[in-house]
Structure formats: structure tokens, C-alpha cells
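give me a 3D structure for the following:
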Amino acid sequence: MFQPDLLAGKRVLITGGGTGLGKSIAHRAVELGAEVILCGRRAEVLRSTADELNALQRQPVRTAPCDIRDAAAVAAMVEAVWAGGVPDVVVNNAAGTLLSPTEALSSRAVDAVLQTSLHGAIYVTLEAGRRWIAADKPGTLLYTLASGFEDGRPFMVPLTVAKGALATLLKSLAVEWGRHGIRTVGIAPGNFPTPGADAKLQTGRATNPADDIPLGRVGKHIELANLYAYLMSDMAAFMTGEIITLDGGKGLRTNGVDDLFQWTPAQWDALRPKR
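As a prediction, this is how the structure comes out:
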């Protein structure tokens, strides 16, 4: 689909890059020639992923351990990353979530989600943006959102609040920072299974996650990673302030007709006009 050197010469910092979707995004970026820096809380996980990606024998993969909930730690991490070469792209991918009735949430649980999913992304955005602006260099900020966040997501309220705030952030910065050559784009994935998310969000649920996806299946990581690769590349140089949903059509099934998919022929026959 892409030329093997699509991202040659690009330097990409990915938060939450050691596992899950972040790891898949990093893998594809490395395959396409980018120099990738993995950011995450667990240094040993980052090293393991970096070793795996370095086995591809493309550009060297570096690690930048950091708890992005800590603003001072983010500033130090970004400073160290910049010292090794200015990134062209920053992917704000790190997030935390939980499935719970909203009335059962503690303030601690709310803070835990918002600190990583919202505050951490803002800290990284500010540190990257001010450095690009000071150096008069362009840059690209990508944000991992979530399908359906615009209409609200019951039982996942803190994460939905965080993603909605990031959507507002990226649209605001597209206008404010566009004059500096800084692009901002959000990606709203649907169901792309990962061990971490499945353990938190699917355990105990009886339904097949593909049942309410019009295309009849969950997403493949390569499909999502290819979208990120395109947005990192110069092919997307005129795109900013946009949010792209990749969910197999799931976000469109909010029209109150889901039960009709389970109707029997007899139920449909009962609706036909009687002669």
C-alpha cells in the first residue's frame, strides 16, 4: 500500500508506545522508515518493545520512560528527547480507562483516568508545541480518541470526558498554531482488540463485540496503524483540525433500531398491510 520509505527522515514520539495500539502504530512507523521514540511508564516494557522493533533493522528505536501524569517529568522527558533530535510527529496515545456505573466512581478513580488520558496529553502537547514554536519548526500532533465520544459513552464517563476535551484542544490548536506550521489531527478508533483493553472492558460481557459493528468484525491493528502512518506522512500535509473515525460503522448505530436486527420473519410479516 505504501512505499517502504514513506516515513524516511521522520522522527516520531509515541506515548503509550510500549503496548497495545501504541506498539502497533510504532511497528508500522518503523517499517516505513521512521525513527521512533517510545514513551511509557514501564522502562522494561519499553526496552522489550524497542528490542522487538530494532530487529526489523530499520531506523534505531529509542525509549523515553516517563509518567506523563507528572508535568515536571514530562518536561524533562521532552527536553531529553529533543536533545537527541527534534521529533516531527508526536502521537498522544497513552490513556487509562475503566468500566463502571458513573455513580459508583470515586474521585480517585476519576482522577486516575483524567491524569493520564487528558492531563498527560496536554502536558506533552504544551512541551512539544512551545519547542517547535521557539525553534520555528513545523510539527504534527496526533491524538488517539475513541469512536462515539461525541455522543457520550455510558459507563465510561471519565474517558469520554477526556477524549471530548482533547477533541476541543486539537481543534483550537489547529487554528492557533497553524501559523507555526503545526498540524493537529484526532483518530477515533472503534474496537481494535488489545489484551489490556479487553481485560478492562470485555470481561464478563456476554455479547460478541462484533455484533453491533455494521461491517461484522472488529478492526485489525494494521488498518489503524496505516491510518496513523498516512497522517504522519507528507501526504497529509494539508490536513489539520480534523477527527477521523475508524470503527467499521459502529458509531452510526445510534438510531434506536438495533433490536430490529434480531427480529424474526414473523415479526416483519406482522407489519405488512393486511389485504
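
which elements pack onto the helix ranked longest in the chain?
Counting by DSSP state H, the longest helix found in the chain is helix 157-176. Counting contacts by 3 or more Cβ pairs under 8 Å, 6 or more residues apart in numbering; DSSP states H and E, helix 157-176 is packed against helix 107-114, helix 121-134, strand 139-144, strand 182-189. Glycine gets a C-beta too; all of them are placed from N, C-alpha and C.

so for residue 59, which of those sits nearest?
Residue 59 lies closest to strand 139-144 among the helices and strands packed on helix 157-176, at 17.5 Å (Cβ to Cβ).

the closest one to helix 157-176, inter-axis angle?
160 degrees (axes from the mean of the first three to the mean of the last three Cα atoms, to 10 degrees).

which residues sit against strand 139-144?
16, 21-22, 87-93, 95, 121, 125, 128-129, 132, 166-167, 169-170, 173, 181-187, 189, 228, 231-232 (Cβ atoms under 8 Å, 6 or more residues apart in numbering).

quick one: strands adjacent to it?
strand 89-92 (parallel), strand 182-189 (parallel) (DSSP bridges).

which stretch among the ones you listed is buried most, on average?
strand 89-92 (a mean of 28; mean count of other Cβ atoms under 10 Å).

contacts for that strand?
So strand 89-92 is contacted by 10-15, 17, 22, 25, 34, 120-121, 124-125, 128, 139-144, 166, 228, 232 (Cβ under 8 Å, 6+ apart).

check stretch 48-63 too.
17-19, 23, 26-27, 30-31, 33-39, 43, 46-47, 84.

show the buried residues in those.
The neighbour-count criterion (16 or more other Cβ atoms under 10 Å) marks 17-19, 23, 26-27, 30-31, 33-39, 46 among the contacts of stretch 48-63 as buried.

between those residues, which is nearest residue 76?
Once Cβ to Cβ is applied, the member of these that ends up nearest residue 76 is residue 39, at 11.9 Å.

does that closest one belong to a helix, a strand or coil?
The three-state assignment at residue 39 reads strand, by DSSP: H, G, I helix; E, B strand; the rest coil.

next one: the one 5 residues further on
Taken by three-state DSSP, the conformation at residue 44 corresponds to helix.

okay, it: pLDDT?
What the model reports as pLDDT for residue 44 is 98.

and it, how many residues sit next to it?
Neighbour count of residue 44, defined by other Cβ atoms under 10 Å: 10.

look up how far residue 86 lies from it.
Applying Cβ to Cβ, to the nearest Å, the value for residue 44 to residue 86 is 27 Å.

ok, residue 211 next?
Residue 211 is 46 Å from residue 86, by Cβ to Cβ.

settle it for me: which of the two has more neighbours?
A count of neighbours by other Cβ under 10 Å puts residue 86 above the other of residue 211 and residue 86, at 15 against 10.

are we agreed that that one is in a strand?
No. Assessed with three-state DSSP, residue 86 is coil; it does not lie in a strand.

excluding chain neighbours, what is closest to it?
Spatial nearest neighbour of residue 86, chain neighbours left out: residue 137 (6.0 Å); criterion: Cβ to Cβ, 6 or more residues apart in numbering.

what about that neighbour, distance to residue 128?
Relative to residue 128, residue 137 is positioned 10 Å away (Cβ to Cβ).

and what of residue 187?
Plainly put, residue 187 is 17 Å away from residue 128 if you go by Cβ to Cβ.

same for whatever helix or strand residue 22 lives in, what does it pack against?
Using DSSP states H and E, residue 22 sits within helix 20-31. Here helix 20-31 touches strand 11-15, strand 35-40, helix 43-54, helix 195-201, helix 221-232, going by 3+ Cβ pairs under 8 Å, 6+ apart.
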